[in-house]
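1. Here is a sequence with its predicted model. Questions after.
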Amino acid sequence: MKTDITRKASKRPQAPISEVLSDLQCIGKELQQADQKKTLQALQRPSALSDRRSLVALLTIAGVSLGLPWLVLNTPDQWKAVVIAVAIPLLAAQQCAIGNFAHVAIHMSLFRNRHLNNLATQVLCALMMYSKWVFFSTHSLTHHPLLGNQADLELISRRPAIKPTMSRRRASWEFVRTFAFDRSAWLTTVFGDLPIMVLLLPPHDSLRGLTRQKLFSDLLRCVLVWGILSGLLWLVGGAAFLYTFLSVWFGAKVTAYHLIRVGRELFDHYGLPKNPTGKNGQVNVLDYTRTMPYNWLTYFFNGYSDRLHTLHHLYPSIPMVMLADAHALLMEYAPTYRNRVKMFDTYFAGNNSIMASMIDGVNAKNV
């Protein structure tokens, strides 16, 4: 039975059918010839192994998120400022990972059990102060099927004021000034969907199917999750630990997390040509999606295999913790994927960096 959101989504302007189907057919044939198609099929659904990996990842996130405030609390005063400066970006990386795993749970690929996926979605969204229904609508009903289309609620159409004659450094600064210092983006980072849930108003005309009851239930869920978490931290660690946790958590959220979040949203697709080889306005996933670098910055921007974003768009049912296995498989046995996937050496420096790709894309008027 369709939900209100699904019924409303069916009335939206529909994007042209993506070329992803033809790409998947080519990849499937190549894997079939290499007798590896069943291997990929096994990775496309949660398994006992992916359940264990997901659980370990979530426990790691919880451990780091609680351990860092404990470390701050128990550090001598003369070193406290240094520890806080280190803890904030590390905790911001965990906050990004929480959002990633909420997205995975929405795809029902975090655990094999559907009820666990629903529970994880509710709890993880509440921790980041997201509305489960808004999060579901933007990530599942618009971004994947409407990739690159104006109806995609995650499409970024704003352009920084850069010119082809600008140096790479100056153009990079224009990106930072345009997106990282945007007040509305910062407020969204800090408060999430909290204003939407409090006002009981859908954030976009295409989401009018969201009822006030659903938004209010999301608000109650946020209050409940944060109330239970705060109570447990107070019981276990006392008022000082609770205060330290809240200070470091929201300190990270308003600073480092905002910068990471802005970067992540740009890195995925921004500046890439929407129709380099497609026909009739079709958007090609392999050409319009980036696979991120693998270096020390990956921990902050795209931890837990989130860097393999192209593969996620091709096969959204693959659990995030299994993406590295699937990527290795396709790189070895699928020339279509290996030859066309857009991989980068670094995030910011060098000619084969994501920043260079975005600058070139703006100069080429791809945005």
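-> Sure, I can see it.
2. Distance check, residue 268 against residue 144.
-> Residue 268 sits 12 Å away from residue 144, going by C-beta to C-beta, to the nearest Å. All C-beta atoms are positioned from the backbone trio N, CA, C, and that covers glycine.
3. Please compare these two by neighbour count and tell me which comes out ahead.
-> residue 268 (22 against 17; other C-beta atoms under 10 Å).
4. Mind listing the residues bridging to residue 291?
-> residue 343 (DSSP bridges).
5. okay, now it: neighbour count?
-> Neighbour tally, residue 291, other C-beta under 10 Å: 19.
6. go on, residue 170?
-> Residue 170, neighbours per other C-beta under 10 Å, totals 11.
7. What sits closest to it if chain neighbours are left out?
-> In space, and not counting its chain neighbours, residue 170 is closest to residue 162: 7.8 Å by C-beta to C-beta, 6 or more residues apart in numbering.
8. I'd say that neighbour and residue 365 touch.
-> No - the criterion here is C-beta atoms under 8 Å, and residue 162 misses it with residue 365 at 11.5 Å.
9. Quick check on these two: which one has the bigger neighbour count.
-> Taking other C-beta under 10 Å, residue 162 and residue 365 do not tie; residue 162 has more neighbours (19 against 8).
10. For the residue nearest to residue 170, list the residues it contacts.
-> 170-171, 174-175, 359, 362-363 (C-beta atoms under 8 Å, 6 or more residues apart in numbering).
11. Settle this for me: residue 313 is touching residue 291, isn't it.
-> No - at 10.4 Å, residue 313 and residue 291 do not qualify as touching, with contact defined as C-beta under 8 Å.
12. Tell me the confidence at the residue nearest to residue 170?
-> We have a pLDDT of 92 for residue 162.
13. now residue 6
-> On the pLDDT scale, residue 6 gets 35.
14. go on, residue 294?
-> 95.
15. For it, which three-state class applies?
-> At residue 294, secondary structure determined by DSSP: H, G, I helix; E, B strand; the rest coil is coil.
16. Return the residue spatially closest to it, with its sequence-adjacent residues excluded.
-> That would be residue 307: by C-beta to C-beta, 6+ apart, it lies 6.5 Å from residue 294.
17. Based on its surroundings, how many neighbours for the one you found?
-> 26.
18. Return the residues in contact with it.
-> With C-beta under 8 Å, 6+ apart, residue 307 has these contacts: 291-294, 298, 301.
19. The same query, at a cut-off of 10 Å, please.
-> By C-beta atoms under 10 Å, 6 or more residues apart in numbering, the residues touching residue 307 are 264, 267, 290-295, 297-298, 301, 323-324, 327, 343-344.
20. now swap in residue 34 and tell me
-> 329, 332-334.
21. What does it show for phi and psi?
-> phi -90, psi 0 (degrees, to the nearest 10).
22. sorry, back to before: out of the contacts of residue 307, flag the one nearest to residue 95.
-> residue 264 (11.4 Å; C-beta to C-beta).
23. Which of the helices or strands spans the closest one?
-> helix 256-269 (DSSP states H and E).
24. buried stuff in that helix?
-> 256-264, 266-269 (16 or more other C-beta atoms under 10 Å).
25. Closest one to residue 215 out of the residues you listed, please.
-> Looking across the buried residues of helix 256-269 and measuring by C-beta to C-beta, the closest to residue 215 is residue 261, at 22.2 Å.
26. biggest helix in the chain by residues?
-> When the chain is scanned for its longest helix (criterion: DSSP state H), the result is helix 212-254.
27. returning to that earlier point: any idea how far the residue nearest to residue 294 lies from residue 172?
-> 20 Å.
28. count of neighbours near residue 100?
-> 21.
29. In space, what's closest to it - neighbours in sequence excluded?
-> residue 306 (4.9 Å).
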